[in-house]
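Asks: Fold the following.
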Amino acid sequence: MAGISITRETPGARKTLGKTFITALLLTGSARRAEAAILEAIEVMEEGKVPDDALLHGIVAASIASRTPDARIDEEDHASSLLPVELRLVLRLPVDLRRCFVLRMLAGFSIGTCARMLQTEIHQVEELVCVSVRALASLSEHGASLIRTFEVVR
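Replies: So this is what the prediction gives:
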């Protein structure tokens, strides 16, 4: 069984923690809450070897439990700057859409697992994922048209 050591840094641990941090960041919309979710998940885990997926599940659960909508604009800007460019638009989605999209499309959880994690029905997850994909396409097109407009003005 694959796993990572929480107590010592390895390339595998660094990669796994990087992926889980990005997932937590996208789920919470806040670097501070993402870090808190990771620390909470690590504390819950037993020291030593932990399966990669158990750590990810723990971080997802802690991130979803972090429902406090206290992120300020400057914190959201900071969170966005920590992400690869192609993921920054995801933070602009409403929380419910963003969580469904991240869990289903980016983290690759099954539709049933997403529904359980989000404590909702499968058909609701399916609907929210579809809406989120359309919303991202719209945000992307809007951003591209703004860039084209700016280039014409220059």
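Asks: contacts and neighbour counts: CA atoms only from here.
Replies: Will do.
Asks: So, low pLDDT: which residues of the protein?
Replies: For the chain, the stretches flagged by pLDDT under 70 are 1-13, 16-17, 46-52, 67-77, 142-154.
Asks: Enumerate every residue touching the residue lying closest to residue 35 once chain neighbours are set aside.
Replies: Computed as C-alpha to C-alpha, 6 or more residues apart in numbering, the closest residue to residue 35 that is not its neighbour in sequence is residue 21, at 7.2 Å. Counting by C-alpha atoms under 8 Å, 6 or more residues apart in numbering, residue 21 makes contact with 34, 35, 38.
Asks: if I look at residue 21, how far off is residue 137?
Replies: 24 Å (C-alpha to C-alpha, to the nearest Å).
Asks: now for the helix or strand hosting residue 39, which elements pack on it?
Replies: Assigned by DSSP states H and E, residue 39 belongs to helix 31-44. Counting by 3 or more C-alpha pairs under 8 Å, 6 or more residues apart in numbering; DSSP states H and E, the packing neighbours recorded for helix 31-44 are helix 11-28, helix 52-65, helix 73-81.
Asks: Take these and lay them out in TSV including distance to residue 97.
Replies: As requested, these are exported to TSV (distance: least, C-alpha to C-alpha, whole Å):
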stretch	distance to residue 97
helix 11-28	10
helix 52-65	13
helix 73-81	17
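Asks: Please identify which of those is closest to residue 111.
Replies: Comparison of the helices and strands packed on helix 31-44 against residue 111 by C-alpha to C-alpha identifies helix 52-65 as nearest, at 14.5 Å.
Asks: and that closest one, which residues are buried?
Replies: For helix 52-65, the neighbour count (16 or more other C-alpha atoms under 10 Å) marks 52, 55, 56, 58, 59, 60, 61, 62, 63, 64 as buried.
Asks: any idea how the chain splits into domains?
Replies: The chain is divided into the following domains under automatic domain parsing: 1-83, 93-154.
Asks: Just give me how far the last one sits from the chain centre.
Replies: Counting by C-alpha atoms, centre = their mean, to the nearest Å, domain 93-154 is centred 11 Å from the centre of its parent chain.
Asks: how far away is residue 80 from residue 96?
Replies: Counting by C-alpha to C-alpha - residue 80 and residue 96 are separated by 18 Å.
Asks: who has more neighbours, these two?
Replies: Per other C-alpha atoms under 10 Å, whichever of residue 80 and residue 96 has more neighbours is residue 80, with 22 against 14.
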